[in-house]
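>>> sequence isn't available, so here's the structure alone:
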């Protein structure tokens, strides 16, 4: 799978227009489970802060994860008293499930979430979402591990957090600094394309989302935050850590096998409108050159070691041919995966066959150089042979890169691309379609056909009626539905005194 050559399904980022004042620009989701004491102070404080500092329309959505205390009643009372507050109840637990369900159905172009304890200073909220509103970034996260962050928490949690992020860096090559901070935001168009690829429904949800977004080349903005640990947190550290490690293993395995269609969520070349008229721009040339040079350097060392080994048992021509053959197979495999980003087993045999043709050209160059050296000197020194071979290999390397890029691993034409999942930009139904190119119809280069849907279960984000609303939780990367359709009950007050905290 070529993640660097596909144009993807996301348009170039643009600054959000001023738009209709009646449509919220920001939807802040607060997932809660048995938070009857903290919910009301959290929502009132957040609402007051947004009213005072946020220059756009906003919404606060309380996502109740099957609470068994009076949290639903508290949420219902807040919804009835504050116009910007909405509440929904899910009958299944899981922070990831709540975020995916509400985000998939929200009509706000910027989606965020924060923990109910408000451990993060709210002054970081506007810097968090500003890069998404401006079109600069696709996702934004609060970071407690940035140098300018100010964090107050115990040594145990500090150790666990830093260890977890080191694991992510070592195993999944993650470059973001803090995966677990409950303070994140994402553009809706990105969420609609990315969420179907995220399988986790618990605490690993946002980590998986960030890893996939980063691997797809999306831009993640980090905001240093001031953060004070909540001593009454109900998170089970051991259980959460175990589930997170399982998630790291699952995502790492999927990335290694190339089973995740990350080219579905890539951005086109150039966010600047002036760049959109540029034609035939080489994709990933700089990165490919760096990768090819690294692989080529290691292959050259491997080749020289093999040549020196085979030279002890035969002539220079035989040793050169054997060493070049073995190193060429390894070189083709490494460049296929690391330089040109081709994943999976599809086309591997053909690529190796084409690589052997390139090998034959390199063999002709190096063998010709050895033949010329032997003609000039009847018994050349071993160091001289190596110097000649290095020079010949440099010439062969330049030719190999050009042939690899133009012939063995060319950028695929649009007609050869796999159908890409496109999120239909409707607030009421997070359904998806496949984009297929029809060369016979030049007026419509990309038309969309609906994927088979399980009818009639489609959802609407209805906040005005007291009827059951159903949502699709999102399709997994392998095409199966991981979660059953979730029934979200808009909660209404059950008590007679609207000021009664219970």
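Done, it's in. Note that this is a predicted model, so its numbers are computed, not measured.

>>> rest of the way, CA atoms for contacts and neighbours
Noted.

>>> give me the element residue 259 is part of.
Taking DSSP states H and E as the definition, one finds residue 259 inside no helix or strand.

>>> quick check: it vs residue 251, distance?
According to Cα to Cα, to the nearest Å, residue 259 and residue 251 sit 10 Å apart.

>>> surely residue 29 is in a helix?
No. Secondary structure of residue 29 (DSSP: H, G, I helix; E, B strand; the rest coil): strand, not part of a helix.

>>> now the strands for the stretch 1-150 of the chain?
Ranges of strands in the stretch 1-150 of the chain, per DSSP state E, counting those that start in this stretch, are 26-32, 58-65, 85-90, 110-114, 139-143, 150-152.

>>> so which of those strands is nearest residue 335?
Nearest to residue 335 among the strands of the stretch 1-150 of the chain is strand 139-143 (30.4 Å), distances taken as Cα to Cα.

>>> angle of that closest one against strand 110-114?
Interaxial angle, strand 139-143 versus strand 110-114 (axes from the mean of the first three to the mean of the last three Cα atoms, to 10 degrees): 20 degrees.

>>> strand partners (parallel or antiparallel) of strand 139-143?
Note on strand 139-143: by DSSP bridges, its sheet partners are strand 183-187 (antiparallel), strand 220-224 (parallel).

>>> when residue 259 and residue 251 are compared, which one has more neighbours?
Comparing residue 259 with residue 251 by other Cα atoms under 10 Å, the one with more neighbours is residue 251, at 22 against 15.

>>> contact partners for the residue lying closest to the more buried one once chain neighbours are set aside?
Of all residues not flanking residue 251 in the chain, residue 208 sits nearest, at 7.2 Å (Cα to Cα, 6 or more residues apart in numbering). Residues in contact with residue 208, defined by Cα atoms under 8 Å, 6 or more residues apart in numbering, are 198, 200, 247-248, 251.

>>> can you redo those as CSV with pLDDT and secondary structure?
Putting the contacts of residue 208 into CSV (pLDDT from 0 to 100; DSSP: H, G, I helix; E, B strand; the rest coil) gives the following:
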residue, pLDDT, secondary structure
198, 92, coil
200, 89, coil
247, 88, helix
248, 88, helix
251, 89, helix
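
>>> what's the farthest-apart pair in those residues?
Going by Cα to Cα, the pair spanning the contacts of residue 208 furthest: 198 and 248, at 12.4 Å.

>>> okay, these two: which has more neighbours?
residue 198 (25 against 20).

>>> what distance separates the start and the end of stretch 214-227?
25 Å.

>>> name the residues that touch it?
Residues outside stretch 214-227 that contact it (Cα under 8 Å, 6+ apart): 3, 119-121, 124, 127-128, 131, 136-152, 174, 176, 213, 262-263, 265-267.

>>> buried members of these into PyMOL, please.
Remark: buried members of the contacts of stretch 214-227, expressed as a PyMOL selection using 16 or more other Cα atoms under 10 Å:
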select buried, resi 3+119+120+127+128+131+136+137+138+139+140+141+142+143+144+145+151+174+176+213+262+263+265+266+267
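
>>> which of the contacts of stretch 214-227 fall within helices?
127-128, 131, 213 (DSSP state H).

>>> what is the nearest of the contacts of residue 208 to residue 31?
Of the contacts of residue 208, the one sitting nearest to residue 31 (Cα to Cα) turns out to be residue 200, at 15.4 Å.
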